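Engineer: here is the input, now give the coordinates:
(chains A, B, C, D and E)
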Amino acid sequence: MSEEIRIGVYVCHCGLNIAGVVNVKEVVEYAKTLPNVVVAKDYVFMCSAPGQAMIKEDIKEHKLNRVVVAACSPAMHEPTFRGVLGDAGLNPYLFEMANIREHCSWVHPDDKEAATEKAKELVRMAVAKARLLEPLEKIKSAVRPAVLVIGGGVAGLRATLDLVERGFDVYLVEKRSVLGGNAVKLGELAYTTLTGKDVVNSLVEKIKANPKAHIFLNSEVEKVDGSIGDFRVTVTRRLGEGKEEKIELNVGAIIVAIGYDPYEPAIGEYGYKTTDKVVTLFQLMDILSEEGPTKGELLIGGIRPKSLAFILCVGSLSTTPNAKPYCSRMCCSASLKTILKIKEKYPDIDVYVFYKDMRTYGKEEDLYWKAIENEVKFIRFDEAPSVKPRDKFVEVEAFDTTIQERIAIPVDAVVLANGMVPATDTEKIRIMLKIGCGADGFLKEAHLKLRPVEALTDGIFLAGVATGPKNIIESIASGSAAAAKAATIVTKEEIEVEPLIARVNEDMCSGCGICAALCPYEAITIEVKEDGKRISKVNSMLCKGCGTCAAACPSGAMQQSGFKDNQVMAQVVATFRGE
Amino acid sequence: MKPVVVVGGGIAGIQAALDLADQGVKVYLVEKSPSIGGRMAQLDKTFPTLDCSSCILTPKMVAVDRHENIELLTYAEVKEVVGEPGNFKVKILKKPRYVDVDKCTGCGQCVMKCPVKVPNEFNLGMDMRKAIYIPFPQAVPLKATIDPEHCLYFTKGVCRVCERFCPPKAINFNQKPEEIELNVAAIIVATGFSLDDARKRGEYGYGKYPNVYTNLEFERLLSSTGPTKGEIVRRSDGRHPKKIAFIQCVCSRDELTNKYCSAICCMASTKEAILAKEHLPDVECTIFFMDVRAFGKGYQEFFERAKQEFGVRFVRARPAKIEEDPKTRNLIVYYEDTETSRFTKEEFDMVVLAVALRPILPESLVKSGLIQPDNYGFADVPEMYIEPVRASKPGIFVIGVLQSPKDIPDSVIQAGAAAMRAAIYAISG
Amino acid sequence: MAEFKPKIVVFACNWCTYAALDLAGTSRMKYPANFRVIKVMCSGRVDPQFVLEAFKQGADGVIVAGCHPGDCHYVNGNMKTLRRMTMLKKMLEEMGIEKERFRLEWISAAEATKWVQVANEMVEQVKALGPLKPRLEVKE
Amino acid sequence: MSEKPKIALYWCASCGGCEEAVLDLAEKVLDLVNAVDIVFWPVAVDFKIEDVEKLPDKSITASLINGGIRLTEHEKVVKLLRQKSQYVIAYGACSAWGGIPGLANLYKREELLSRAYFEVPTVVNEEKVLPRTYKDEELGIEVEVPEVLPRLLPLDRVIEVDYYVPGCPPTPDVTWNAIQALLSGNLPPKGSVIGASSKALCDECPLNETKPDKLLIKEFKRITEFTPDPEKCLLAQGLPCLGPVTRGGCGALCIKANMPCTGCFGMLDNVSDYGAKALSFLASILDVEDEKEVERQVKEKIADLVGRLYRYTLPSSKLGGKVFKR
Amino acid sequence: MSRTVALLLKGEVSSILKSLGARNLYKCYQCGTCTAACPLSEEVTASFRKAVKYAQLGLEEKIAADPAPWLCYACGECSEMCPKDAKPTEILAALRRYSIIKYDWTGFSKRFYLSKTFELMSIAILSILTALIVYLFKGPVITERVDLSAFAQPTVAIANIIVFGVLSLILLINIYRMYKFTTSQSSSSGKLPVSTYIAEFIKIIPYHFLTQRLMARCRDGKYYYTIHLLLFYGYAVIFVHHILRHMLLPLISPTLHLNEVASSIVGISAFVALILGSSLAIYGRIKKSTIIWEYSHPTDWVFITLLWLTSITGLLTDIFKYSGLPLPTYVTFTVHLMFVVPLLVLEVPFAKWSHLAYRPFALYFNRLNEIKQLRYKT
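Structural biologist: Now for the predicted structure:
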């Protein structure tokens, strides 16, 4: 590679985020002193259109063949700037970022000199690596025009229906023997006479009528191989009497819609399971629905209660030791909706609601207003109320913070508005698909704000409550959104995959087989050449670019593009001295 | 494959356009103001991740601008819509910028030279822009626009200084409004919201007392592209505030003005309190709330961190009124802390009102009955459980705050849902 | 003598630790500025030669950090890292490098607080040990 | 070329094996002697330093230097040879990377001297006298005793080395190939290894194809624990054979004697630290998930990690030896 | 920590309150705007929001113990600002009515307030009874000149004393019960020295009793304050005049005769004041011109009309008397009595008029609680 290395360095202010701490001008001046750096500039927002335009012009004007941008984390804008290089006709992989915001200005606000010094060295490291970067071409792989949907709740059903109507084959895998997930148990929904079951049925009917939909009940996904555009999935379907069959599927995208489990209070938590007068909200909804155990008749502990106490935030906001720290979002509204439905049918019933924070957000506020107007009595608590079963009734006592007094209410039954916890098989699905989960145990989306239905792994999408509590309408909407994202893949013939994969130098490879042993994706095989020599071979489709084989290759024959030994070594050396 | 029109260039419109275009559907993105970006462009940071808002929005704006399947129609409005799903005729009026967009490079020379100063809508009138202006530094498209009501040439037939100084000679005073007619399969409407008029609750003194702000105004103060370049200073004397009060539910959850809860202001105020502490480490922030609506993912942790880590004080009370101390222009907030039942008159240097969100319904679509307002004035979704984003008529989708108050993630999810449904019309159209 | 400011090289895996460092940034957590982070796609990419090169160039400390076992974006890259770095720690001790100077940490994308704690702890320990660079040229 | 090319051979801190290796050329030695004019060969011929000093610079075509630089005298002589010769060849593991004597770099100089001159049972040295230059009264001359350098250095840390010949000692055909290359003049770029393979030992190892698809071992084994199956790759049987990380060219002599390779041919071109690379691949294929188990195996099955993995290359490693406290 | 005795909710209390005028009781979501809006919040420690919550929850003991409703002069500022339009003004008025019922140990107020028929029946019976008594025990009907005292002298004097004694006794007992209620709930068990009781009594009771100054603090309180002062002074003057003329004088020195002219002027002007005040109040209530008069409980109508009728008949009696028309005087006087007796007997201890006692005492007891709170920091 004899062409002269001409590097352009661009330092971003990011408004005050960087410039507020790092002396940007000093960093730019320093960058000018680094070998091969022919142009060094700074701008208030490198990621904005003018910033990008500046780079494009410089590439043309100064014939730059490497670009370094010192700004925010590559997780934010590496794709953006690679796009800029592409537009300017330069190979997008001749680009390196120095993270002087999240790793520098935002974390060293009190020590401006050290932060500036660190920024300079981070730029030096990025330039050292940039010098050794080589052009890489994106790897194209064919796309299977089919989608796998895991989970037959409303989110999964909505995603399936959208995609089959869009004209794609969808394999819907549902663990249970019936579709609908938790929604079927929701009884009559707010602002409508529709029940959860009606919503599910309307979706299932349309799905069953479409030939593109393939439904697998009593089935679970066992194994997933391959990557975006070409996932090879093994599904086991239980056929009864211990028999089961394995089904191989080949899909271009996967939508995870595994829903949630209702929070199960511990035995004795608010008297749960120590008296039949205490039920959870989900159990109550079941009781109220026609198919429920009491054919819709409000009977709890065998009697028709004259007074009901609802306790909210059961299992949420760390109200009890067993509870989760997060808010389950839908229990306030679901409880008030259920209360209003009960008041409609049984006007004389006294209802008390023990709440920590009334979170009927958006238009659902009117549920709260109607509940007040229906003479529901609200008691706000900070410490969890105590439920003491008496002989003929249950006494719920709490310190009401609005009147700063302890209130005790004898009621016939107590309803625990339990929240949502991650589905039991979240862990299994997570490990199988190699996607992460957040501190709350729900699946982690690529970006909380702007990529809420995408997983970090390309080609895998997350619908419904799998990523966190939602009500049924939000869950259905996120099913469609996940379907849209899946459609952006399966509508394409070819998918481009990051080229940061491993490559073998056949003149150095001794065929020792160490690399093949390590690859978790079976992307490396040892081939015997005609001259009998054994040489390692990388399947660029399967290789995910982790670099583990490169680190182990005893003769240094295996190198990971973008992270070659000399490139990383250059960064290590540049950390200490600039030459 | 028929194209789809997306009305409104905020984050919801942008996301819907991208989710459609990435499926190979042709999209016309119509935006009323000179640049896309919508409300999110006016935010400094977003909750709960404290991402810098323009840092996560700008790439999407640039992606829309660069996408081969998206045609951007900015400074344009939908005049009339007629037809049925799969075959809508949409009349769009492109207002004249009086700037030739192909030539203009957004260099800003004209803006520097223009003598006329006009209250800047992007910064909610807290600073001035010129008669010829670029809304904000990261605007897409980065083109100048002449505001005919204030430009001296249009009002008095004089000046034309911008024409003289424009390097690529892009100024063209006799540009005419342009009418475009599109035949599309479906329409996604994401026209967003504006804040209600806080003067409806006159007792808080908004508009009367200078140091009373709205959430959005305070967000502009925080932003480095804001009127004060990120400095939090008081309107009355330019001093840094020592005590800031945030009052929630202004014109929300209120029989007199809007009964609904605006969903995002609890978290918005919490975030702004945290950012205020960041800008001014020894400032004291107090948030007066009735219930804290921290329902989204990561919101409760964000609320806890605000209390424990950043020392933001939360008082469960709805202040009755604010009176101003004429000498210091400080604000005395009258409230009863409902958790101690103690009445207090507390003095603050600055008050930020979390004002309700009011949807902006495009009257052309309302006139043609394609969108009907519900009892709160938001775009009605008749079958919310079957089609969560479909408006009154099939083929028309309403997303974002236009449909109901919601945060950015929910708007992005609705955008995806609308894109999916619209795509189905596009292929069958 | 100017107050000894140790310089510590961090090899951070892109999916977990690098994201945790980003999160520490977005959450405005403060920690000392002694760290220089080199991003690798997986902790499995960290070749013991890189660690030795860092010490040779004068690093006072090196951290190799990746995802918790089971969390690895590439199934089990971090398991190989565990074995390599365990053996390397033993060899470095034989070569006279104190064990506090070299750490293997599992830090997930959500554990910004854990990173800050490891960072503060590492700087304290390495400061106590003093600079390594002068001891590399054996002159006496 | 009227005169025959002059070559010089010199030995520093070495066991003399490399000197002999030249003789191992057997009858080829004669061809060598005919082809070249040996001007300096202390072990075999009685040339003196002064003779070399008299030679014009660069007059020696090639100097084959073996052994690590341990004493000030070595340093002096090799610098002289550098000045006088066109090519300097680091012949054998010691001069190339420090070799087995290089393992002394795990100890401080005083420790070595005190061990050698005070503590060794066979020495009686109450006055704790160390060898140093002294005036010999009878001869009336100053007897110069060279100083011991603080660390043993490979040749290229003292002078510029043109080519390296691997091996401990280099096998006859490697030596011969090297000499052929030198004499024929078609030499690879400066600084490369000559005479040996450009690939790792596995490439030429007969047991290579007996490797399983997934070369993962549950446990390291010591050679004493079991007699390995001669027909199957020793590494696959758990012996920490360093073949994969060692340059080929020796014809897998040790493997043929059913012994795992110890790495005397040194690292491949793309490797900058032999020990680190060896550790990396061995740890990678050790199929163990628990940290404690790894520590146990290292302690029990490999014991002396540095000695085992840096047997021939410690001085040329990145740290060059143990880093001592101030 | 507050006592751990848990309070029991009583459903029926809330329904009573609704019938007593708390129409929009079930709208309040406890935001605290009312307390914050109230101009009196700066003067007294009271939480009107909490009072509304007690009402919503039906916490009988707390309602009875809460002096807050009595501190409210119904200016309507809170209802103006209430985001839920729950009209706290009306709820507090209902709470005042409920407190009256609660304080009254006889149980008469409860029936009086809760059933309109009972109320009207009792008034009717009482007035007929009065007429009978007057008729039966009337003194000589001197027709040639007006001799009112002769006509009703014996019955009026005795009746007055009995009635006055009984009524003040009942009222005193109710005030004591009010004291018992208001101090029962204060969480501190600490005792205050008697001296503070007396000091505060002197400081608060006479001042507020006579001036109702707090009312002036309310929003455009001037208008109501004047009407109320008119009514107060009208009544006070008549009361004093009546006692002097018809009770004390005849007992102490039956012979001494007041200067007729002065007494008549005083009487008439008082009656005119009363009439003017009550007519304005009646007009306001009919027109529902302001928040105060937007809702009128039957007892409000009864009270104000009785007052109006009494004043009218009182005035007529005086006019006839001084214009020397004996028969009309006696007749109107009897009619006057027919209105006065129920007004005094029923309204004072059992109904609306008791507020003249309860309001100052409420201020007093609230002050005592405040001191106790400050002193024992609970």
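
Engineer: what number of residues lie near the one residue in the stretch 1-150 of chain D that gets nearest to chain B?
Structural biologist: Closest residue of the stretch 1-150 of chain D to chain B, Cβ to the nearest Cβ: residue D:106 (49.8 Å). C-betas here are computed from N, CA, C, even on glycine. With neighbours defined by other Cβ atoms under 10 Å in any protein chain shown, the count for residue D:106 comes to 19.

Engineer: isn't it up against residue D:319?
Structural biologist: No - counting by Cβ atoms under 8 Å, residue D:106 does not reach residue D:319; the two are 10.7 Å apart.

Engineer: now do the SS call for residue A:496.
Structural biologist: At residue A:496 the chain is in strand, as set by DSSP: H, G, I helix; E, B strand; the rest coil.

Engineer: show me what contacts the residue of the stretch 51-200 of chain D found nearest chain E?
Structural biologist: Here the stretch 51-200 of chain D gets closest to chain E at one residue, residue D:106, 69.8 Å apart by Cβ to the nearest Cβ. Contacts for residue D:106 (Cβ atoms under 8 Å, 6 or more residues apart in numbering or on different chains) come out as C:94, D:306, D:307, D:314, D:321, D:322.

Engineer: which of those fall in strands?
Structural biologist: Among the contacts of residue D:106, no residue falls in strands (DSSP state E).

Engineer: hey, C-alpha coordinates of stretch D:195-213 in CSV?
Structural biologist: What follows is stretch D:195-213, C-alpha atoms only, in CSV (Å, rounded to 0.1, in the frame of the first residue of the first chain):
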residue,chain,number,x,y,z
GLY,D,195,17.0,-21.4,6.1
ALA,D,196,13.8,-22.4,7.9
SER,D,197,10.1,-22.7,6.9
SER,D,198,7.9,-19.6,6.8
LYS,D,199,5.1,-21.6,8.4
ALA,D,200,4.6,-23.2,11.9
LEU,D,201,5.8,-26.7,12.7
CYS,D,202,2.3,-28.2,12.3
ASP,D,203,2.6,-27.5,8.6
GLU,D,204,5.3,-30.2,8.2
CYS,D,205,4.4,-32.2,11.3
PRO,D,206,3.3,-35.8,10.3
LEU,D,207,0.6,-35.8,13.0
ASN,D,208,-1.1,-32.7,11.7
GLU,D,209,-3.9,-34.5,9.9
THR,D,210,-4.6,-36.6,12.9
LYS,D,211,-6.0,-33.6,14.6
PRO,D,212,-9.7,-33.8,15.6
ASP,D,213,-12.2,-31.3,14.0
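
Engineer: for the closest residue to chain B within chain D, phi and psi?
Structural biologist: Among the residues of chain D, residue D:291 lies closest to chain B, at 31.8 Å counting by Cβ to the nearest Cβ. Backbone geometry at residue D:291, expressed as degrees, to the nearest 10, gives phi -60, psi -40.

Engineer: check residue A:528 too.
Structural biologist: Torsion angles at residue A:528 (phi, psi; degrees, to the nearest 10) stand at phi -90, psi 120.

Engineer: try residue A:66
Structural biologist: Per-residue torsions, residue A:66: phi -140, psi 140 (degrees, to the nearest 10).

Engineer: residues contacting it?
Structural biologist: A:5, A:6, A:7, A:8, A:36, A:94, A:95, A:96, A:130, A:131, A:133 are the contacts of residue A:66 under Cβ under 8 Å, 6+ apart.

Engineer: which of the contacts of residue D:106 has the most neighbours?
Structural biologist: Within these, residue D:314 tops the neighbour count with 31 neighbours, counted by other Cβ under 10 Å.

Engineer: any idea how far residue D:275 is from it?
Structural biologist: When distance is defined by Cβ to Cβ, to the nearest Å, residue D:314 is 7 Å away from residue D:275.

Engineer: now do the shared contacts for these two.
Structural biologist: When contacts are counted by Cβ under 8 Å, 6+ apart, residue D:314 and residue D:275 are jointly contacted by residue D:306.

Engineer: am I right that the residue of chain D closest to chain B is in contact with residue C:85?
Structural biologist: No - proximity of residue D:291 to residue C:85 does not meet the contact threshold set by Cβ under 8 Å, at 9.2 Å.

Engineer: what's next to whichever strand or helix holds residue A:567, contact-wise?
Structural biologist: Per DSSP states H and E, residue A:567 falls inside helix A:565-576. For helix A:565-576, contacts defined as Cβ under 8 Å, 6+ apart pick out A:121, A:124-129, A:131-133, A:550, A:556, A:559, C:7, C:9, C:36, C:38, C:40, C:45, C:47, C:49-50, C:53-54, C:57-59, D:270, D:272.
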